[in-house]
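**Q** mind folding the following:
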Amino acid sequence: MSNTEALPAPVACGGETGGPASARIEILSPRDVPLGGPRAMRVRRTLPQRARTLIGAWCFADHYGPDDVASSGGMDVAPHPHIGLQTVSWLFSGEIEHRDSLGIHAYVRPGELNLMTSGHGICHSEVSTPATTILHGVQLWVALPEEHRDTARDFQHYAPTPVPLDGGEVRVFLGTLAGDTSPVRTFTPLLGAELHVAPGATLTLDVAPDFEHGVLVDTGQVLLDGTTLKPADLGYAPPDRTTLTLTNPADEPARLILLGGPPFQEEIIMWWNFIGRSSEEIAQARLDWTEGRRFGEVTGYDGDPLPAPELPTVPLKPRGNRR
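**A** This next block holds a predicted model:
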């Protein structure tokens, strides 16, 4: 998915550490962002924001739907570029057609992971299919560490098997949780999972104490270690926890996305669809896209690529995470 804001703000961040002083749960509320066009579907963005721009290497989280495509027109994101990141596509309902400059033509379907690695540069398009009536899911980005950010383009697909829990169910699409491990390759340790919590149930999950975690609520209401999260909230839990406790106090099932990873120790600059380390690098990537270099071409998309927005008139500089 592309960041379609006309004036995307540069975002920079470095790693954080947890500890007793930061042990409380932080609630990150979303902001609405149009995906583009006069009948644009809207997404709820919880990462990045001023309060926090990274959870592990997770640096971008858009949550959308349930969206009636007959009213919104659905998703139609023209070919657009990426550098320095991986895109993670996960659906609850609907279907999205993916095409990229690696030559991959694939579909994003509910309960199946599509992970694209941009490395030095890739471009792709995303379009909801004609069979889609309700579109509902999340689009996530992962920052690549310095030693791997110029890696080759790549694409991985994985359909995790649901794992039953006492009071719920989990699909682990990245990393390890509840005894299940995803085979999908990542460049930093990560956790990504869809969790269902039954009405009135409590799940206590063993987690890596060096990870920080984020809980994005899709449906229902969830208590994360006793802190109430409503739909579309992202609850942040700092490191030094060996367990996370999720409680559904309601009479309806709850669904959430659990993200995690060790605090990312590098400073990065995010602008538009790029993750770099300097203002000059971002400017060069924009120029390469504008002049048709580096990113390759997407075949099979009916329309023109997305134009790059104008860069700010001042150099892009790191702001850093709140510590």
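**Q** what residue ranges in the stretch 1-150 of the chain score low on pLDDT?
**A** 1-23, 35-40 (pLDDT under 70).
**Q** quick one, domains of the protein?
**A** Segmentation of the chain into domains, based on automatic domain parsing, reads 30-159+269-302, 162-266.
**Q** dump those domains to CSV, plus mean neighbour count and distance to L316.
**A** Placement of C-beta: from N, CA and C, glycine included. Shown next, in CSV, are the domains of the chain (neighbours: other C-beta atoms under 10 Å; distance: least, C-beta to C-beta, whole Å):
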stretch, mean neighbour count, distance to L316
domain 30-159+269-302, 19, 4
domain 162-266, 19, 16
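**Q** export those domains to a markdown table and tack on distance to R24?
**A** A markdown table is the format used below for the domains of the chain (distance: least, C-beta to C-beta, whole Å):
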| stretch | distance to R24 |
| --- | --- |
| domain 30-159+269-302 | 13 |
| domain 162-266 | 8 |
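**Q** of all those, which one is nearest K317?
**A** Proximity to K317 (C-beta to C-beta) singles out domain 30-159+269-302 among those, at 7.0 Å.
**Q** quick check: end-to-end length of that closest one?
**A** For domain 30-159+269-302, the first-to-last residue distance is 32 Å (C-alpha to C-alpha, to the nearest Å).
**Q** which residues are in contact with stretch 147-159?
**A** 83-84, 100-102, 104, 106, 111-122, 144, 173, 182-185, 187, 275, 296 (C-beta atoms under 8 Å, 6 or more residues apart in numbering).
**Q** at 6 Å what do you get?
**A** 84, 102, 104, 112-117, 119-120, 122, 184, 187 (C-beta atoms under 6 Å, 6 or more residues apart in numbering).
**Q** what is the most widely separated pair among the residues you listed?
**A** E112 and H120, at 26.8 Å, using C-beta to C-beta across the contacts of stretch 147-159.
**Q** re earlier: in a markdown table: the contacts of stretch 147-159, plus secondary structure and distance to S128.
**A** Shown next, in a markdown table, are the contacts of stretch 147-159 (DSSP: H, G, I helix; E, B strand; the rest coil; distance: C-beta to C-beta, whole Å):
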| residue | secondary structure | distance to S128 |
| --- | --- | --- |
| G84 | coil | 27 |
| L102 | coil | 21 |
| I104 | coil | 18 |
| E112 | coil | 15 |
| L113 | strand | 18 |
| N114 | strand | 14 |
| L115 | strand | 19 |
| M116 | strand | 17 |
| T117 | strand | 23 |
| G119 | coil | 27 |
| H120 | coil | 29 |
| I122 | strand | 21 |
| V184 | coil | 24 |
| F187 | coil | 29 |
